[in-house]
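Asker: I'll drop the sequence and a predicted model, then ask my questions.
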Amino acid sequence: MFTREKVFDSEILRTKCNDKSIYQNQTFLKNIDLMLGTEYRVSLQGKGKSQTSVYNKKVFTPDKLPMDFDGADELKLWLTKRVPKALELLSDYNYDRRITVYRNWINKKYLNSCIIPHNHGSQKDFFVGVFYINYPKDSGKLFFTKHYDETKHHIEDYDDEDVHVVNETEGEFIIHRGDMVHGVTEHLNEDPRLSMIFEFCI
């Protein structure tokens, strides 16, 4: 079900959904656009545009997460069958423990935008998953760094041996520990890169 990929002293898990109707049906994509709205913001590198629902308080409430809308049921079911196994492989999770979706949001990256290296905290049993809904040629790539350095904002700022680049693909789901430092390289296609992000805690 999962491919294990070593990243420095840790690992990421990868699996792919081969049925595009699950994540690219018109109802699903239409509702994602409605949630993102029409607001754009400059990416953290100072150029390019991006949209995100992580700051949208109208969407981001305890009773209405981005997966709770028409067209998303099949993707939710697909993930539900895989996330527990992934957490079992990455931690001491067992099926008697509850999985909480701490946060869930959508990122849409346009030409020249990127994401600077960051992590999602140092808590034990906290994990990040990303599902790639649209991933055109020359999309921004997920990358990991050995350590966090607030003076380094781009992959080019790091030595080659301190960076691990992931060649992700459309329809892929990748999950990793939340404390792993990661970012996204510059997106180089007019067609946007669209992904859905999850934070899981157990």
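Answerer: Structure received. Residues are numbered from 1 along each chain as shown.

Asker: neighbours of K49, just the number please.
Answerer: 16 (other CB atoms under 10 Å). To be clear about C-beta, it is placed using only N, CA and C from the backbone, and glycine gets the same treatment.

Asker: would you check how far apart it and H120 are?
Answerer: Applying CB to CB, to the nearest Å, the value for K49 to H120 is 24 Å.

Asker: state the phi and psi torsions of the residue most central in space within the chain.
Answerer: What sits nearest the mean C-alpha location of the chain, by CA atoms, centre = their mean, is V130, with 2.8 Å. Backbone geometry at V130, expressed as degrees, to the nearest 10, gives phi -130, psi 130.

Asker: that one against I174, yeah?
Answerer: Yes: at 5.2 Å, V130 and I174 qualify as touching, with contact defined as CB atoms under 8 Å.

Asker: now the common contact residues for the two.
Answerer: 142, 168 (CB atoms under 8 Å, 6 or more residues apart in numbering).

Asker: check contacts around T145.
Answerer: 117, 152, 158, 162-164, 181-183.

Asker: W78: which of these is nearest?
Answerer: Of all those, H182 has the smallest distance to W78: 23.1 Å, by CB to CB.

Asker: so how many other residues sit close to G140?
Answerer: Count around G140 with other CB under 10 Å applied: 26.

Asker: residue ranges with poor pLDDT in the protein?
Answerer: 42-46, 55-66 (pLDDT under 70).

Asker: and the helices in it?
Answerer: Taking DSSP state H to define them, one finds helices in the chain at 20-23, 26-36, 73-80, 83-90.
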